[in-house]
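Engineer: Got a predicted structure here, sequence first:
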Amino acid sequence: MTLIDDLAVFARSEFELSAVMEDGCSLRAHLEAIERATGTKPPELEQVRELPKLASYIWGYFCEMHRCRNYTGAAYSRITHSQILDYCRLKKISMSQYEINAIERIDSIWMESQKAGK
């Protein structure tokens with residue numbers, strides 16, 4: 001597996017655990033409540049992936065861009081190349097194609113998670 005693959009596995013896990021349940025709490029909050037009540041860690045929490053240290057800065061870039069994601073009224077939009085370029089200008093950074101590919105992959109996983117949640 002590549003570093004981007006590891007980051008993608010982490011992102012998918014994070015998005016699944018962040019899914020909001022009918023009561024307005026995240027799946028993670030529910031699982032942690034079960035752990036506190038029973039003293040046993042649910043399998044979903046046992047399998048949580050750690051953020052790859054070498055890719056943590058890419059995850060940070062994604063999270064910052066994600067917070068500024070456009071909403072069209074019907075759905076959230078993908079993070080565009082223009083938004084990545086604007087982010088780089090604002091932060092005075094330069095991203096490699098590898099980093100851009102990683103952000104696009106994470107964004108695709110997030111978009112899929114939103115469709116699955118509907």
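Structural biologist: Okay, I see it. No experiment lies behind these values; they were computed from the predicted model shown.

Engineer: can you pull the buried residues of stretch 24-32?
Structural biologist: Leu27, Arg28, His30, Leu31, Glu32 (16 or more other C-beta atoms under 10 Å). Backbone N, C-alpha and C define where each C-beta goes, glycine included.

Engineer: any idea how far Lys115 is from the last one?
Structural biologist: When distances are taken as C-beta to C-beta, to the nearest Å, Glu32 and Lys115 turn out to be 26 Å apart.

Engineer: helices and strands around the helix or strand of the chain with the lowest mean pLDDT, which ones?
Structural biologist: Here the helix or strand of the chain ranked lowest by mean pLDDT, DSSP states H and E is helix 43-46, holding a mean of 92. Applying 3 or more C-beta pairs under 8 Å, 6 or more residues apart in numbering; DSSP states H and E, we find helix 43-46 packed against helix 27-38.

Engineer: The helix it packs on - contacts with which helices or strands?
Structural biologist: helix 3-17, helix 43-46.

Engineer: Looking at those, which one is packed in the most?
Structural biologist: helix 3-17 (a mean of 18; mean count of other C-beta atoms under 10 Å).

Engineer: which residues sit against that helix?
Structural biologist: If you take C-beta atoms under 8 Å, 6 or more residues apart in numbering as the criterion, helix 3-17 is touched by 1, 26-28, 31, 44, 47-52, 54-55, 58-59, 62, 98, 101-102, 105-106, 109-110, 113.

Engineer: what's the answer for stretch 47-58, then?
Structural biologist: 3-4, 6-7, 9-10, 13, 17, 59, 99, 102-103, 106.

Engineer: what separates it from the chain centre, distance-wise?
Structural biologist: Put simply, stretch 47-58 sits 11 Å off its chain's centre (C-alpha atoms, centre = their mean, to the nearest Å).

Engineer: Endpoint to endpoint, it covers what distance?
Structural biologist: 22 Å (C-alpha to C-alpha, to the nearest Å).
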